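# Please find the sequence and the predicted model below.
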Amino acid sequence: AQSVAQPEDQVNVAEGNPLTVKCTYSVSGNPYLFWYVQYPNRGLQFLLKYITGDNLVKGSYGFEAEFNKSQTSFHLKKPSALVSDSALYFCAVRDLGTSGSARQLTFGSGTQLTVLP
Amino acid sequence: NAGVMQNPRHLVRRRGQEARLRCSPMKGHSHVYWYRQLPEEGLKFMVYLQKENIIDESGMPKERFSAEFPKEGPSILRIQQVVRGDSAAYFCASSPPELGQETQYFGPGTRLLVL
C-alpha cells in the first residue's frame, strides 16, 4: 500500500524568506511523486512531479522539490516566498510497484501555507 | 486548450435524491479519475475510467455510487439516495493515455451539499 505524510498542517513564513513544505512517502516499488496547490474553492493545480532523473525538480511559479530516496522524502521548496503563494499544498504519490492498471494517486492531508507580508 | 471541465460547480440535494456530476476531460485525454474531498481532508481516490471501461473502482463506496465514461459525452459520477455524509467536493482529473505521461490535471470540482 502507498501512503503520504505531510507532518505540518500549517506553515507560516515571512515574505521574501525561503519556504519548505515537507512530504514523506511510503511505497512498495518506485514512486511517482507530485505536488499540487489548491486555492480556496478551486481545483488542484499541478506544480511539479518526479518520475525519474535528476533528484531536484523545478516546477511552476519558482517552486522546486528534491527527491531523497534514502529518506523517502519529497519536500517542496521556494527560495523567496510571495504573499500570493498562500494556499493549501498537497503532496501525492503513485506506487509503480502496483499493477499497471492502478493509476490512483494517494494524497497527503495537505499543508496550509501562509506567507506574511 | 480548455482544461478539465466539471458541472455543476455547486449542487444542492435533499436526502434521498440523486446527484449527477459531470466531467469533460482535457482534449486528447482518455483517462478520467474521480476523487472526493471531505471538509478539512485531503483527496481520496474513488474510481479510474477509460472510455467505456471502469479500470479501478477500489475507492468507490459499495452502494449508491456509480460511474461511467461513455464513448460519447462526459464522464458521470452518480450518487443515488444521497445522505448528509455525501456532502463533499468531488474532483475529476484526466490524463493522457501514454505511459510516462501520467500527470493528472484536475477540474474545478463540484461541491455537493446534502440538506
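Arrived safely. Numbers count the residues shown, from 1 in each chain, chains lettered A, B, ... in the order given.

# distance of residue B:56 from chain A?
Taking Cβ to the nearest Cβ, to the nearest Å as the criterion, residue B:56 is separated from chain A by 6 Å. Yep, even glycine has a C-beta here, placed from its N, CA and C like the rest.

# beta partners of that residue?
Using DSSP bridges, the bridge partners assigned to residue B:56 are residue B:48.

# That one: neighbour count?
18 (other Cβ atoms under 10 Å in any protein chain shown).

# now residue B:105: how far from residue B:72?
Here the distance between residue B:105 and residue B:72 works out to 21 Å (Cβ to Cβ, to the nearest Å).

# Compare neighbour counts for those two and give me the winner.
Summary of the neighbour comparison: residue B:105 and residue B:72, criterion other Cβ under 10 Å, with residue B:105 having more neighbours (19 against 6).

# Need the per-residue pLDDT for that one.
Reported pLDDT at residue B:105 in the predicted model: 93.

# same check, this time on the one 5 residues further on
We have a pLDDT of 96 for residue B:110.

# mind listing what it touches?
In this structure, residue B:110 makes contact with B:6, B:7, B:8, B:9, B:10, B:11, B:21, B:89, B:90, judged by Cβ atoms under 8 Å, 6 or more residues apart in numbering or on different chains.

# now the fifth one, which residues is it bridged with?
Per DSSP bridges, the residues bridged to residue B:10 are residue B:111.

# With residue A:90 instead?
Taking DSSP bridges as the rule, residue A:90 bridges to residue A:36.

# Tell me the spacing between it and residue B:79.
If you measure residue A:90 against residue B:79 using Cβ to Cβ, the figure is 24 Å.

# out of the two, which sits in the busier spot?
A count of neighbours by other Cβ under 10 Å puts residue A:90 above the other of residue A:90 and residue B:79, at 26 against 22.

# Chain A contacts on chain B?
By the criterion of Cβ under 8 Å from any Cβ of the partner chain, the positions of chain B lying close to chain A are B:4, B:6, B:31, B:33, B:35, B:41-45, B:48, B:55-56, B:58-59, B:91, B:93, B:95, B:100, B:102-109, B:111.
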